[in-house]
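Participant: curious how this folds, go ahead:
(2 chains)
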Amino acid sequence: MSLRAARRRANRVQGPVAQNSGQRQLMRRNFSQVGRALVRQVRGEALSVLTSLMLVAVTTIALLILDQFFALRHVTLVYLVPVVIAATKLGIGPAVIAAVAGVGASAFFFYPPIYSFLVEDPQHVIELPLFVFVAIVTGHLASSLRRQADLARRRETEVHDLYAFSRRLAAAHTPNDIYTAIREHLASIIGRRTILFETAPPGVPGAALSDEGQVPDAVKRAMEALAEAGKGSGNSSVVEDGEGRVWLVRPVSGKAGDFGVLAIDLGQQKGKMAERVDAVLADATAMLEHLDLGRALSDARVRSETEALRDALIGSVSHQLRTPLVSILGAATVISSAPGNRGDPRLASLADILRDEVDRLNNDVQDLLDAALISSKGVRLDCEWVEPADVVNAAVDRRQRLLAGHRLRVDIPDELPFVYVDPVLLEQALGQIVDNAAKYSPPGSQITIGAKIESDAVVLSVRDEGIGLVGEEQTRLWERFFRGQRGASSVSGSGLGLWIAKAFVIANGGQIEAFSEGADRGTLVSIRLPAREPATPDLAVSGDG
Amino acid sequence: MDSATILIIDDELHIRQFLRAAFEFEGFAVHEAHNAEEGIRSATLKPPDLIILDLGLPDRDGSSIVERLRSWSNVPIIVLTVRSREREKVRLLELGADDYVVKPFGIGELIARARSALRPRVVAGNDPVVRVGPLEINLASRSGTIDGKRVVLGPKEYLVLQILAQHAGKVVTRQQIMRQVWGAAHLDDTHYLRIVVRNLRKKIEVDPARPRILLTELGVGYRLAR
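Facilitator: Predicted coordinates for the structure are as follows:
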């Protein structure tokens, strides 16, 4: 712990140079030799000394001009201005230089004998050292204030980054999301190209590369070696990639051991940089540990496995439940139509019963699958221009047996505009409503299925003379698994049908609503779809070209 | 014709059993295969007159089986599929399957499809007249009558009706019709076809809103009822 604190301090003391942005370091990478970087650093310091001297010079000129008009006393005090400016902008060193230069300038230009560094007045003799003292103290205060402000600002960005990062972790769906988040987080705090290897969890072979960027082979080998051998070893190593670049390779560990290996592109310089990156990483790793990355990772793995499992289940349920139905219906219809049995009305009616029951079961299975698909993947549309009458006819024809006990009326005008929808989903939605109408209205009553144009919409409607809607049924009708109390015991159903119908209609850009005048007064359900006309050149449908 | 041979490719024993019984009752000879490899081998060694192919075989994807069979054989293929897989149906029909039946099905439905698929394709030869209920289409004179009365058909209307008549009883995908009538450039303008179909229904159907002759297979194409 104390080592880490020491490293942290070392990191901080490096000051502005160490805190250069990644961009600047990238630029510096182009000037290849370390020596040249040193020259740059010296040149940078010389520049700040020069700047502070310039500030003193400007102050002196201003004072000389003012001195022409007013007899100035205590000019030394004015030199506090360049000192404070130098302290806040350039640091304590330039501030001290400014203070000394200020003293020199006031002795030379303002205190008799003028144009000499000698000072005659004993009051001035006391004043000058006092000024140097005050200037240095003020400069120190100003520069440490600035450092604290910088630090606070940096902390703020760090906290902000960390917060964003932890939110990403919580929202991650797959381990891959998490690895990408870690990689990007580390890359942003280090300001270097960073690549992360996933350490395989126990029982899973191999380590996956979380980034597709180009990785030199030497680095790849080092990472793989560390991923395999270095469980919990915590060693970092520096690798040269043969192109003059240096990479730092080190494991990243959490509570439950290593969860990855990190490679950081350090560019041409090692030494200091590697040390600093190591220190930053030590901090970051502690933070990752705190966020309980291990659990986030396993949560994400469970989540993605759950989704895969659900998809597989949907597929296999579909197959497992339907296959027997195919055999049951097939075999029954073969028996009733076998040569010896053909024309026997009793067998035919038994086959009809089986047919009805199989249809019902098959529809229930379909409802379950549709519901599972809607909630896991949403509705996938396959839209085309559709003749509304085709949809109504398909929905009615598919349910001919169910509707046989009712008086059916289909009311479709000759000229309806086409609608741009997924015809299969729309037919299923309408079919659900027709099913309900047939189930919740007495045999012999009339069911009217209609289509009409209403301002800019095509409206498909199903009207029955059944039990109608009362109370909460009016509002809760479209909820998943909702079933009205009055019909629940006598009519079979899953409570999914209308929910599915609504999902399909809304996905097709339509609206669905139900209206009833009350108990036993029937229900009217209408599906409203936007009507648009496709562009059709006359010649396309009538010409002979 | 009823001595025709049917090859059933299905991994479910029970389905094969009732299909065998049904087709044998109808006087067909039946071969069975329980996976795709065996089915393809059987189709090569003893070429059947019709193949019934269940999709979702464990060893091979349905479309690749149809593709493989079609690479050397014109044998009619009927696929057994499940609901709400319209894209797959269209793809299989485009690859050369002749028709499909949605599971679960009554056997009568499958046998009717099988008979339609086995019927030779009508060409303008000895008897170039296709009769579908009250509708008669003369492929030689490019004209149609309904209940003996002549129907005046536009050129596109005639072309669409002719294509459907030549495949009477079988489903024809929208794309197949679009390609032949409007050309490959207009494959997506299926509303042209819908307008022609709407006009055709006005001319040949008793109640155009409840068609009995020119039927729509939602999301797939059209079928001329037999």
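
Participant: show the average pLDDT along stretch A:50-57.
Facilitator: Stretch A:50-57 shows a mean pLDDT of 90.

Participant: next one: stretch A:95-113
Facilitator: 86.

Participant: what of stretch A:130-144?
Facilitator: Rounded mean pLDDT across stretch A:130-144 is 86.

Participant: can I get that stretch in PDB? Just the C-alpha atoms.
Facilitator: As requested, the backbone C-alpha atoms of stretch A:130-144 are provided in PDB (Å, rounded to 0.1, in the frame of the first residue of the first chain):
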ATOM      1  CA  LEU A 130      11.500  42.400   2.400                       C
ATOM      2  CA  PHE A 131      10.100  42.500  -1.100                       C
ATOM      3  CA  VAL A 132      12.000  39.500  -2.100                       C
ATOM      4  CA  PHE A 133      10.600  37.600   0.900                       C
ATOM      5  CA  VAL A 134       7.000  38.700   0.300                       C
ATOM      6  CA  ALA A 135       7.300  38.000  -3.400                       C
ATOM      7  CA  ILE A 136       8.500  34.500  -2.800                       C
ATOM      8  CA  VAL A 137       5.800  33.700  -0.300                       C
ATOM      9  CA  THR A 138       3.100  35.100  -2.500                       C
ATOM     10  CA  GLY A 139       4.500  33.300  -5.500                       C
ATOM     11  CA  HIS A 140       4.600  30.100  -3.600                       C
ATOM     12  CA  LEU A 141       1.000  30.500  -2.500                       C
ATOM     13  CA  ALA A 142      -0.200  31.400  -6.000                       C
ATOM     14  CA  SER A 143       1.500  28.500  -7.600                       C
ATOM     15  CA  SER A 144       0.300  25.900  -5.100                       C
END
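
Participant: so how far is that stretch from its chain's centroid?
Facilitator: From the chain centre to the centre of stretch A:130-144 is a distance of 50 Å (C-alpha atoms, centre = their mean, to the nearest Å).

Participant: now do the worst-scoring helix or strand of chain B on mean pLDDT: which elements does it pack against?
Facilitator: The weakest-scoring helix or strand in chain B, judged by mean pLDDT, DSSP states H and E, is strand B:129-132 (a mean of 81). Strand B:129-132 sits against strand B:135-138, helix B:155-166, with contacts defined as 3 or more C-beta pairs under 8 Å, 6 or more residues apart in numbering or on different chains; DSSP states H and E. C-beta: built from backbone N, CA, C; applies to glycine.

Participant: again, only using 10 Å
Facilitator: On a contact count with 3 or more C-beta pairs under 10 Å, 6 or more residues apart in numbering or on different chains; DSSP states H and E, strand B:129-132 meets strand B:135-138, strand B:143-146, helix B:155-166.

Participant: need the ones you listed in JSON lines (columns: mean neighbour count and distance to residue A:471).
Facilitator: JSON lines is the format used below for the helices and strands packed on strand B:129-132 (neighbours: other C-beta atoms under 10 Å in any protein chain shown; distance: least, C-beta to C-beta, whole Å):
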{"stretch": "strand B:135-138", "mean neighbour count": "21", "distance to residue A:471": "53"}
{"stretch": "strand B:143-146", "mean neighbour count": "18", "distance to residue A:471": "54"}
{"stretch": "helix B:155-166", "mean neighbour count": "21", "distance to residue A:471": "52"}
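
Participant: would TSV of those with distance to chain A and mean pLDDT be doable?
Facilitator: Putting these into TSV (distance: least, C-beta to the nearest C-beta, whole Å; pLDDT from 0 to 100) gives the following:
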stretch	distance to chain A	mean pLDDT
strand B:135-138	18	86
strand B:143-146	15	87
helix B:155-166	4	90
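
Participant: make TSV out of those and add distance to residue A:81.
Facilitator: Converted to TSV, the helices and strands packed on strand B:129-132 look like this (distance: least, C-beta to C-beta, whole Å):
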stretch	distance to residue A:81
strand B:135-138	104
strand B:143-146	104
helix B:155-166	92
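
Participant: residue 110: what's it in contact with?
Facilitator: Chain wasn't specified; assuming chain A. By C-beta atoms under 10 Å, 6 or more residues apart in numbering or on different chains, the contact set of residue A:110 is A:60, A:63, A:64, A:67, A:72, A:73, A:74, A:75, A:76, A:78, A:124.

Participant: nope, chain B please
Facilitator: By C-beta under 10 Å, 6+ apart, the contact list for residue B:110 reads A:330, A:333, B:19, B:22, B:23, B:52, B:78, B:80, B:99, B:101, B:103.

Participant: what about it, which SS state?
Facilitator: Using DSSP: H, G, I helix; E, B strand; the rest coil as the criterion, the local structure at residue B:110 reads helix.

Participant: for residue B:115, same thing?
Facilitator: helix.

Participant: ok, which stretches of chain B are helices?
Facilitator: Remark: helices assigned in chain B by DSSP state H are B:13-25, B:36-45, B:62-70, B:86-95, B:107-118, B:155-166, B:174-181, B:190-204.

Participant: got the ones you listed as TSV, with distance to residue A:353 columns?
Facilitator: TSV is the format used below for the helices of chain B (distance: least, C-beta to C-beta, whole Å):
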stretch	distance to residue A:353
helix B:13-25	18
helix B:36-45	34
helix B:62-70	32
helix B:86-95	29
helix B:107-118	16
helix B:155-166	36
helix B:174-181	37
helix B:190-204	35
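
Participant: domain ranges for chain B?
Facilitator: B:5-118, B:129-224 (automatic domain parsing).

Participant: pick out the residue nearest the middle of chain A.
Facilitator: residue A:168 (6.8 Å; C-alpha atoms, centre = their mean).

Participant: so what's the residue most central in space within chain B up against?
Facilitator: The residue lying closest to the centre of chain B (C-alpha atoms, centre = their mean) is residue B:170, at 2.8 Å. The contact partners of residue B:170, taken as C-beta under 10 Å, 6+ apart, are B:76, B:78, B:93, B:98-100, B:113, B:116-117, B:119, B:121, B:164, B:221, B:223-224, B:226.

Participant: ramachandran angles for it?
Facilitator: phi -110, psi 150 (degrees, to the nearest 10).

Participant: same deal with residue A:191?
Facilitator: phi 70, psi 30.

Participant: still on that earlier bit, among the helices and strands packed on strand B:129-132, which is nearest residue A:107?
Facilitator: Among those, the nearest to residue A:107 by C-beta to C-beta is helix B:155-166 (106.9 Å).

Participant: what angle do that closest one and helix B:190-204 make?
Facilitator: Counting by axes from the mean of the first three to the mean of the last three C-alpha atoms, to 10 degrees, helix B:155-166 lies at 80 degrees to helix B:190-204.

Participant: got the angle between helix B:155-166 and helix B:174-181?
Facilitator: Here helix B:155-166 runs at an angle of 130 degrees relative to helix B:174-181 (the same axes, to 10 degrees).

Participant: ok, back up a step: the closest residue to the residue nearest to the centre of chain A other than its chain neighbours is in what secondary structure piece?
Facilitator: Distances taken as C-beta to C-beta, 6 or more residues apart in numbering or on different chains put residue A:181 closest to residue A:168, at 4.3 Å, once the chain neighbours are dropped. Secondary structure from DSSP states H and E places residue A:181 in helix A:175-190.

Participant: now that helix - C-alpha only, PDB.
Facilitator: Output of helix A:175-190 as PDB, limited to C-alpha atoms (Å, rounded to 0.1, in the frame of the first residue of the first chain):
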ATOM      1  CA  PRO A 175     -18.000 -10.100 -21.500                       C
ATOM      2  CA  ASN A 176     -16.800  -8.500 -24.700                       C
ATOM      3  CA  ASP A 177     -18.700  -5.300 -23.900                       C
ATOM      4  CA  ILE A 178     -16.900  -5.200 -20.500                       C
ATOM      5  CA  TYR A 179     -13.400  -5.900 -22.000                       C
ATOM      6  CA  THR A 180     -14.000  -3.100 -24.600                       C
ATOM      7  CA  ALA A 181     -15.000  -0.800 -21.800                       C
ATOM      8  CA  ILE A 182     -11.900  -1.600 -19.700                       C
ATOM      9  CA  ARG A 183      -9.700  -1.200 -22.700                       C
ATOM     10  CA  GLU A 184     -11.100   2.200 -23.600                       C
ATOM     11  CA  HIS A 185     -11.100   3.400 -20.000                       C
ATOM     12  CA  LEU A 186      -7.400   2.400 -19.500                       C
ATOM     13  CA  ALA A 187      -6.500   3.900 -22.900                       C
ATOM     14  CA  SER A 188      -8.100   7.200 -21.900                       C
ATOM     15  CA  ILE A 189      -6.300   7.500 -18.600                       C
ATOM     16  CA  ILE A 190      -3.000   6.400 -19.900                       C
END
